[in-house]
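1. predicted coordinates and the sequence they were generated for:
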Amino acid sequence: MHHVQHDRGDKAMIVGFIGEAKKRYPSLTSCSMDKAFYSAKNRDALDELLDLNVMPKPGYRNAKQRERESHPDLIKARLEHPAIESAINNLQQRGMGLIRTHGKEGFDRLVELGMLSAIIHRLGKVVRKKEAKGRAWHAARAKAT
C-alpha cells in the first residue's frame with residue numbers, strides 16, 4: 001500500500017492513511033512514525049485506531065507526555081523504528097533519491113517504479129536465502145550418505 005503526496009504534508013495525511021491501512025489489514029495494531037507526523041489531534045485519532053501508537057512529540061514534553069513516551073512498549077517500538085528508516089533508505093537507493101521527471105504523472109510513475117524495484121529486490125533476497133538453505137540441506141544430506 002502506498003500513497004503519493006502532492007498537496008498535503010505528513011501531518012495532514014497520516015490519520016486517513018492509517019485508517020485506510022486498518023481497513024485493508026484489520027490485524028494492524030501498531031504504527032511507528034517520526035516527529036514530523038505529530039499533532040495532538042493526530043495522536044488522539046491514532047490512539048483510537050491502534051493499540052500502540054508510536055508518535056513522539058517534538059520539542060518540550062510535559063510530565064504526562066514524558067510518562068507516555070517512557071512506557072516499555074513504546075520504548076521497544078521506538079528501538080525498532082530504525083528498520084523503517086532503513087526501508088526508506090532502500091527506496092532512495094532504488095531510484096527515489098533523485099527525481100528526474102517532470103509533472104505529476106512522471107513523479108507518480110517514478111515513485112511507483114521505485115517501490116516496485118524495492119519489492120523485487122526484497123523478493124530476490126528471500127529467494128536467494130531459500131535457495132541457499134536448500135543447497136546447505138542437500139550438501140549435509142550428501143555428506144551423511
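-> All right, it came through fine.

2. centroid-nearest residue for the protein?
-> Taking CA atoms, centre = their mean, the centroid of the chain lies closest to I84, which sits 4.6 Å from it.

3. domain map for this structure?
-> Residue ranges for each domain of the chain read 1-80, 86-145, as given by automatic domain parsing.

4. ranking these by burial, who's on top?
-> Highest mean neighbour count among the domains of the chain (mean count of other CB atoms under 10 Å): domain 1-80, with a mean of 13. Using the backbone N, CA and C atoms, a C-beta is placed for each residue, glycine as well.

5. in a helix, the residue nearest to the centre of the chain, correct?
-> Yes: under the criterion used here (DSSP: H, G, I helix; E, B strand; the rest coil), I84 sits inside a helix.

6. run through the bridge partners of the nearest residue to it once chain neighbours are set aside.
-> Leaving out its chain neighbours, the residue that sits closest to I84 by CB to CB, 6 or more residues apart in numbering is S32, at 6.0 Å. Taking DSSP bridges as the rule, S32 bridges to V54.

7. show me what contacts S32?
-> S32 makes contact with 54, 77-78, 80-81, 84 under the criterion CB atoms under 8 Å, 6 or more residues apart in numbering.
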